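Peer 1: Structure of the sequence below:
(4 chains)
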2 protein chains.
Amino acid sequence: MDRIDHKLLNLLQRDAARTNADLAAEVGLSPSSCLRRIRRLREGGIIDRIVAILNPAKVGRVLKAWVTVELKLHGDQHMRRFLTLATAEPAVATAHAVTGSVDVVLMLHLRDMEEFDALCERLFRDNTNVARFYTMTVIRTAKEDMTIQL
Amino acid sequence: MDRIDHKLLNLLQRDAARTNADLAAEVGLSPSSCLRRIRRLREGGIIDRIVAILNPAKVGRVLKAWVTVELKLHGDQHMRRFLTLATAEPAVATAHAVTGSVDVVLMLHLRDMEEFDALCERLFRDNTNVARFYTMTVIRTAKEDMTIQL
DNA sequence: GATTACGATGCAATATTATTGCACAAGCCC
DNA sequence: GGGCTTGTGCAATAATATTGCATCGTAATC
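Peer 2: Residues are numbered from 1 along each chain as shown, chains lettered A, B, ... in the order given. So this is what the prediction gives:
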């Protein structure tokens, strides 16, 4: 993991559709060396996967929201059960168990408020283990990378 | 945007490194047709970009945390200024202005607590416009897709 | 109902790109 | 220095993407 690897990772996090020859030129290597480095990064699990990022608005997911959740019962079983419920929902993009004033943080990608309402019904109101939840609707997205600057 | 497009998008969100022939077989199309669909999806902006997702732990970003921020002054200028500060930080993965009990939600990818401390110093304590901030450290990640199920 | 126009499809040819074998050079340990 | 490992570039090869073209199905128009 030297300087060139870092450079490659930064480039690939921005655009992984470029040709290998292109990348090689930018980092100052021959295509074959460059390819071998990238393969090493993939096989070593440094690069977890290559994915397509969709434009949420163009596929009808215009609303984004954070929801923080307080559970009533905090045992591992109860936490696990709630997380299972949450991850099963297509609208739930991320679900994390956290420390702090709440127990779970969810990120939602929604079509409209109706979908949100339905989701709440399933996830919060029916489930007796949710003590309280706080919704934060996104007004503006200033940054949204899964990128890790190296 | 028919059934096949949806299928392609779902597959590409999971793994965009597959060969076109592979994808074509899975959705039941010839390679050429499949390729033309994918190109249309890219050119139409449905597919925003293709990126490499790194394994945070393998590049030394072992801590993940959410921080919700309350600002003192809520004008557009002040909001904008804070978001600019935040997005400039490499450790800040996402930054959103939101409605609700707080004004901004940040997602952080951190090396260690020292980095967190330094970040707080720059972003929260020095900046007089932050009234309060709440840190939620991630214990467990149950789901973390940027994927949008279609 | 026939006809036209349009878009999507598959096949085959071609162009691009990834991949591998190999020889060489740099760094490192003994 | 000698042997070892690791990374490199070049050139040949394999794999893959891309394009041109004929065809098919569908829907709109007359």
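Peer 1: Now do the helices in chain A.
Peer 2: A:3-14, A:20-27, A:31-43, A:76-87, A:113-120 (DSSP state H).
Peer 1: Quick one, which of these gets closest to B:F82.
Peer 2: helix A:3-14 (24.8 Å; C-beta to C-beta). Quick note: C-beta positions are derived from backbone N, CA and C, even for glycine.
Peer 1: to the chain's geometric centre, what's the distance from that closest one?
Peer 2: The gap between where helix A:3-14 is centred and where its chain is centred comes out at 20 Å by C-alpha atoms, centre = their mean, to the nearest Å.
Peer 1: May I see the buried residues of that helix?
Peer 2: Judged by neighbour count using 16 or more other C-beta atoms under 10 Å in any protein chain shown, the buried positions of helix A:3-14 are A:D5, A:K7, A:L8, A:L9, A:N10, A:L11, A:L12, A:Q13.
Peer 1: near DNA strand C, anything from that helix?
Peer 2: No - under the criterion of C-beta under 7 Å from any atom of the strand, helix A:3-14 makes no contact with DNA strand C; the nearest approach is 11.4 Å.
Peer 1: Stretch A:26-36 too?
Peer 2: Yes - for stretch A:26-36, a contact with DNA strand C is found by C-beta under 7 Å from any atom of the strand, at A:P31, A:S32, A:L35, A:R36.
Peer 1: So which of those is the closest to DNA strand C?
Peer 2: A:S32 (3.4 Å; C-beta to the nearest atom of the strand).
Peer 1: how close does that closest one get to DNA strand D?
Peer 2: 3 Å (C-beta to the nearest atom of the strand, to the nearest Å).
Peer 1: Roughly how far does A:V105 sit from A:V62?
Peer 2: 21 Å (C-beta to C-beta, to the nearest Å).
Peer 1: So for those two, which residue has more residues nearby?
Peer 2: A count of neighbours by other C-beta atoms under 10 Å in any protein chain shown puts A:V105 above the other of A:V105 and A:V62, at 24 against 12.
Peer 1: Tell me what the more buried one is bridged to.
Peer 2: Bridge pairing for A:V105 (DSSP bridges) gives the partners A:T68, A:H96.
Peer 1: Let me know how buried A:E89 is, in neighbour terms.
Peer 2: 17.
Peer 1: if I pick it, what's in contact with it?
Peer 2: A:E89 makes contact with A:L119, A:R122, A:L123 under the criterion C-beta atoms under 8 Å, 6 or more residues apart in numbering or on different chains.
Peer 1: at 10 Å instead, please
Peer 2: Contacts for A:E89 (C-beta atoms under 10 Å, 6 or more residues apart in numbering or on different chains) come out as A:A95, A:L106, A:L108, A:A118, A:L119, A:R122, A:L123, B:K143, B:Q149.
Peer 1: Check the spacing between it and DNA strand C real quick.
Peer 2: In terms of C-beta to the nearest atom of the strand, A:E89 sits 30 Å off from DNA strand C.
Peer 1: Would you mind stating the distance between the residue lying closest to A:L12 once chain neighbours are set aside and A:L23?
Peer 2: Once flanking residues are discounted, A:L12 sits nearest to B:A52: 3.8 Å by C-beta to C-beta, 6 or more residues apart in numbering or on different chains. For B:A52, the distance to A:L23 (C-beta to C-beta) stands at 11 Å.
Peer 1: If anything else comes up later, I'll come back, but that's it for now.
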